[in-house]
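Trainee: A structural model of the following input is requested.
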Amino acid sequence: MELLRFFTAGNVDDGKSTLIGRLLFDSNAISTDIIDTLTRQSKAKAADAEIDLALLTDGLRAEREQGITIDVAYKYFVSEKRKYIIADTPGHAQYTRNMFTGASNTDLAIILIDARNGITDQTKRHSIISAILGIPELLICVNKMDLVEYSEERFRSIETDYHEFAKKIGLKHVTFLPVSALTGENVVNKSTNFAWFEGPTLYDFLENVEIPSENIAAESRFQVQYVIRPQTTELHDYRGYAGTLLSGKLAKGDEVRVLPQEFTTTIEKIEKFQIEVDEARAGEPIVIHLKDDLDVSRGSTIVRTQELPNTENEIKATICWMDNKGFQKGQKLLLQQSSFRTKASIKTIEAKIDIHSFDEIESDGELFLNDFGKVQIKTAEPLSFDVYTKNRRTGAFILINENTNNTVAAGVIE
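Mentor: Next comes the predicted model:
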């Protein structure tokens, strides 16, 4: 069964949490005990209240008290056709780092626009982040159409304005959908109020949108997460390298290169769930056995010799600064890319990105919370990578404060 990962974004009070709640409620993806709980909590707010569907994703006490989303809320549901992982991300500008995190591993962005307000700075901010992260598909949900009397003219005006902006920042696959999350119109069920709209409902769109398969078609990339060496009497010579195949495929007998050590060897055996298989594909957890006994450790990358990635000590990247404390020159950092970790430092901040216009602006050498910057990073050990636009799994990383162990930035390699 196919898996679709998507996230929702938009301004505060644009109805993101309500939209997801309505999607799950009307598609019968919520169990009766959860519905009973939501009913009780909704009535606690007002005696005659209907079910507040936003409560389904806004789980933190502070979120429910303020009626806003603060942290990323993940929800899972299954239809007859697909499995879904939904990341409901915050709308406040101060929580941009949370939105960046929730969006980093998704196939689709759903950006909500309040039909009354149109495109705002926050709409542009979330769209630019989607462009930086290379999200393959964007769905623009023009919500609260009931408050503009289901006006086709208003919907088309927003559609035209957004198309112009999307072209400027390089977004190509954009779909538009008018909805009313509160009343449930065009979410799962069609509405006669949208007789002028010939497109699908949100649910139908999710069921049929094409899911990118670039990781399977891409070049082979495997990172070692754990070295299995039991050293028991029965398994005295067993040495396996466990991990998830990040992209591409590997097969028994393939000549491979181990990086950054630059060893060349052959795959002797591949195991999946303790059963030997001839080949493995992207996304599968496997154990690889190599023909030669080599010094291979956690974080080592194994690839086919004809599909080599870049392996360098310096990279250029776009990062989002996530720490409450600003960047300090000479700060000791750790760079982590999947299971590979090495000491690193930001050599230069070459430019900052204006999150409202997508323009590059002159760097002042500083980065503060939610700032985006183009940087040059030097690593203690060579890093094996692909540019992010080519392979999202090997082109993304985080930076960790070596002293506090806090994640201070997330980035994509250019």
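
Trainee: Can you give me the distance of Ser17 to Asp364?
Mentor: Look at Ser17 and Asp364: by Cβ to Cβ, to the nearest Å, they are 37 Å apart. The way it works is simple: take the backbone N, C-alpha and C, and place the C-beta from them, glycine included.

Trainee: Run a quick neighbour tally on Leu133.
Mentor: 22 (other Cβ atoms under 10 Å).

Trainee: Contact partners for the nearest residue to it once chain neighbours are set aside?
Mentor: Counting by Cβ to Cβ, 6 or more residues apart in numbering, Leu133 lies nearest to Ala103, which is 5.5 Å off, once chain neighbours are set aside. The neighbours of Ala103, taking Cβ atoms under 8 Å, 6 or more residues apart in numbering as the test, are 7, 9, 87, 89, 109, 129-130, 133, 135.

Trainee: Tell me how confident the model is about the longest helix anywhere in the chain, as a mean pLDDT.
Mentor: Ranked by residue count, the top helix of the chain under DSSP state H comes out as helix 152-169. For helix 152-169, mean pLDDT is 95.

Trainee: continuing past that helix, what's the next helix or strand?
Mentor: For helix 152-169, the following helix or strand on the C-terminal side (DSSP states H and E) is strand 174-178.

Trainee: Return the distance of that next one from the chain's centre.
Mentor: 20 Å (Cα atoms, centre = their mean, to the nearest Å).

Trainee: And the next helix or strand past it?
Mentor: helix 202-208.

Trainee: list the helices and strands that following helix packs on?
Mentor: With contacts taken as 3 or more Cβ pairs under 8 Å, 6 or more residues apart in numbering; DSSP states H and E, helix 202-208 sits against helix 16-26, strand 82-88, strand 137-143, strand 174-178.

Trainee: residues making contact with it?
Mentor: By Cβ under 8 Å, 6+ apart, helix 202-208 touches 4, 6, 19, 23, 26-27, 79, 81-82, 84, 108, 139, 141, 175, 177, 179, 186-188, 199-200.

Trainee: Buried residues in it, which are they?
Mentor: Residues of helix 202-208 classed as buried by neighbour count (16 or more other Cβ atoms under 10 Å): 202-203, 205-207.

Trainee: re the thing from before, turn the helices and strands packed on helix 202-208 into TSV, columns for distance to Ser345, mean neighbour count and mean pLDDT.
Mentor: Converted to TSV, the helices and strands packed on helix 202-208 look like this (distance: least, Cβ to Cβ, whole Å; neighbours: other Cβ atoms under 10 Å; pLDDT from 0 to 100):
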stretch	distance to Ser345	mean neighbour count	mean pLDDT
helix 16-26	37	25	85
strand 82-88	31	20	86
strand 137-143	35	24	95
strand 174-178	38	21	96
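
Trainee: Glu276: which of the ones you listed is closest?
Mentor: strand 82-88 (27.8 Å; Cβ to Cβ).

Trainee: Show me the strands paired with that closest one, marking each as parallel or antiparallel.
Mentor: Paired neighbours of strand 82-88 in the sheet (DSSP bridges): strand 2-9 (parallel), strand 73-78 (antiparallel).

Trainee: Take these and lay them out in CSV including distance to Glu271, mean pLDDT and mean neighbour count.
Mentor: Shown next, in CSV, are these (distance: least, Cβ to Cβ, whole Å; pLDDT from 0 to 100; neighbours: other Cβ atoms under 10 Å):
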stretch, distance to Glu271, mean pLDDT, mean neighbour count
strand 2-9, 23, 88, 20
strand 73-78, 28, 80, 15
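
Trainee: Figure out which of those strands is closest to Ile288.
Mentor: strand 2-9 (23.8 Å).

Trainee: now the closest one and helix 16-26, what's the angle there?
Mentor: 140 degrees (axes from the mean of the first three to the mean of the last three Cα atoms, to 10 degrees).

Trainee: Ile128: neighbouring residues, count only.
Mentor: Neighbour number of Ile128 under other Cβ under 10 Å is 22.

Trainee: What residue, apart from its backbone neighbours, is nearest it spatially?
Mentor: Phe358 (5.1 Å).

Trainee: State the number of residues packed around that neighbour.
Mentor: Considering only other Cβ under 10 Å, Phe358 is surrounded by 18 other residues.

Trainee: just so I have it, where are all the strands in the stretch 301-414 of the chain?
Mentor: 301-304, 310-321, 333-337, 340-353, 360-362, 372-385, 396-401, 407-413 (DSSP state E, counting those that start in this stretch).

Trainee: The second one vs strand 396-401, what angle?
Mentor: This points to strand 310-321. 70 degrees.

Trainee: Strand 310-321 packs against which elements?
Mentor: helix 96-103, strand 340-353, strand 372-385, strand 407-413.

Trainee: switch the cut-off to 7 Å
Mentor: strand 372-385, strand 407-413 (3 or more Cβ pairs under 7 Å, 6 or more residues apart in numbering; DSSP states H and E).

Trainee: Below-threshold pLDDT in the stretch 151-300 of the chain: ranges please.
Mentor: Along the stretch 151-300 of the chain, segments meeting pLDDT under 70 span 212-217.

Trainee: Tell me the one of the contacts of Ala103 nearest Asn117?
Mentor: Ala9 (14.9 Å).

Trainee: ok, Asp121 to Val224 distance?
Mentor: Counting by Cβ to Cβ, the gap from Asp121 to Val224 is 44 Å.

Trainee: more crowded one of those two?
Mentor: Taking other Cβ under 10 Å, Asp121 and Val224 do not tie; Val224 has more neighbours (21 against 12).

Trainee: who's in contact with that one?
Mentor: By Cβ atoms under 7 Å, 6 or more residues apart in numbering, the contact list for Val224 reads 241, 243, 296-300, 339.

Trainee: OK, contacts around the closest residue in space to Ala115 that isn't next to it in sequence?
Mentor: Of all residues not flanking Ala115 in the chain, Val148 sits nearest, at 4.6 Å (Cβ to Cβ, 6+ apart). Shown in contact with Val148 (Cβ under 7 Å, 6+ apart): 115-116, 154.

Trainee: who wins for most neighbours among those residues?
Mentor: These, ranked by neighbours (other Cβ under 10 Å): first place Ala115, 25 neighbours.

Trainee: For Lys347, give its distance to Gln331.
Mentor: With Cβ to Cβ as the criterion, Lys347 and Gln331 are 12 Å apart.
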